[in-house]
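Enquirer: the sequence and its predicted three-dimensional model are supplied below.
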Amino acid sequence: MQKLYRDHAIVLRTHPLGEADRIITLLTRRHGKVRAVAKGVRRTGSRFGARLEPFGLIDVQLHTGRTLHTVTQVVTIETFAEGISSDYARYTAASAMLETTDRLTDEVVDPNAQQFLLLVGALRTAAAGRIPPSLVLDAFLLRTLAHAGWAPDLRTCALCGAEGPHHAYDVAAGGLVCSACRRPGAVAVRQGAIEHMIYLLAGDWESTLRADATIQLEASRLIADSITWHLERGVRALHYVER
């Protein structure tokens with residue numbers, strides 16, 4: 001990697017370093033996940049402190065280091081913080097998106113930038129406030145699973161491939177299972193919840209908005225269980241999301 005480079009990035013999280021600096025975790029478009037030091041950013045009058053907060057889409061210049069890179073320049077492209085932070089439901093949903101991305105994204109180059117674009121689109125939709133935040137989050141989580149190669153089987157049996165409809169969901173198996181393949185731990189699921197998940201994965205907001213609250217909640221639990229299974233521990237921010 002060259003010593004000095006620029007990229008578009010989303011700020012995933014920050015934490016203090018020393019008295020005046022911060023370590024910034026970024027998801028970049030072309031360089032994957034990057035951890036960088038922003039020097040002096042906690043001092044009053046820092047020239048780019050406010051631009052390095054979570055939920056911001058930025059154009060950042062970085063200097064390559066052995067373990068941590070260094071932020072040398074930042075330009076705000078689009079900020080989603082105002083629309084997200086002004087509403088508790090949007091804030092908790094968006095926080096769960098950032099935490100999930102941080103946990104699932106390896107520090108490697110992602111040539112197709114799909115996860116970056118997925119996160120930008122989800123944050124933009126959440127900030128606009130036209131779609132309920134819980135639906136935006138569930139769609140994001142399902143698409144993230146798909147991008148990671150863990151898309152749940154929602155039309156065929158995850159174990160034998162038999163065509164559905166099936167009425168049991170096995171998180172460990174990777175989706176729906178038929179009656180012959182159903183194992184202890186698989187949970188009964190209504191067809192409406194499965195169809196809702198299919199619409200979420202496809203980004204069909206018109207259809208997802210028609211689902212009643214119980215169907216949405218049932219699907220949300222299955223999605224959260226799937227994320228937890230693949231991460232091997234839960235996403236803390238999901239506990240605060242309003243359903």
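Expert: Yep, that arrived.
Enquirer: so the residue nearest the centre of the chain, which of the three states?
Expert: Nearest to the mean C-alpha position of the chain, counting by Cα atoms, centre = their mean, stands Met97 at 3.2 Å. The three-state label for Met97, taken from DSSP: H, G, I helix; E, B strand; the rest coil, comes out as helix.
Enquirer: which helices and strands does the longest helix belonging to the chain pack with?
Expert: The helix that spans the most residues within the chain, counting by DSSP state H, is helix 213-231. Judged by 3 or more Cβ pairs under 8 Å, 6 or more residues apart in numbering; DSSP states H and E, helix 213-231 is in contact with helix 88-104, helix 133-147, helix 191-202. Using the backbone N, CA and C atoms, a C-beta is placed for each residue, glycine as well.
Enquirer: from those helices, which stretch is densest packed?
Expert: helix 133-147 (a mean of 23; mean count of other Cβ atoms under 10 Å).
Enquirer: and the next helix or strand past the lengthiest strand in the chain?
Expert: Looking across the chain with DSSP state E, the single longest strand is strand 4-17. Secondary structure here is assigned by DSSP states H and E; on that basis, the next helix or strand after strand 4-17 toward the C-terminus is strand 21-28.
Enquirer: so Ile58 touches Asp7, yeah?
Expert: No: under the criterion of Cβ atoms under 8 Å, Ile58 makes no contact with Asp7, lying 9.3 Å away.
Enquirer: which one's more surrounded, the two?
Expert: Ile58 (24 against 19; other Cβ atoms under 10 Å).
Enquirer: so where does that one fall, helix or strand?
Expert: For Ile58, the enclosing helix or strand under DSSP H and E is strand 56-63.
Enquirer: and the contacts of that strand?
Expert: 3-11, 26, 28, 34, 36, 51-52, 69-81, 120, 123 (Cβ atoms under 8 Å, 6 or more residues apart in numbering).
Enquirer: show me what contacts Val187?
Expert: Under the criterion of Cβ under 8 Å, 6+ apart, the contact partners of Val187 comprise Ala168, Tyr169, Asp170, Leu222.
Enquirer: swap the cut-off to 6 Å and go again
Expert: The neighbourhood of Val187, defined by Cβ atoms under 6 Å, 6 or more residues apart in numbering, consists of Tyr169.
Enquirer: that one bridge partners, please.
Expert: Each beta-bridge partner of Val187 is listed here, defined by DSSP bridges: Tyr169.
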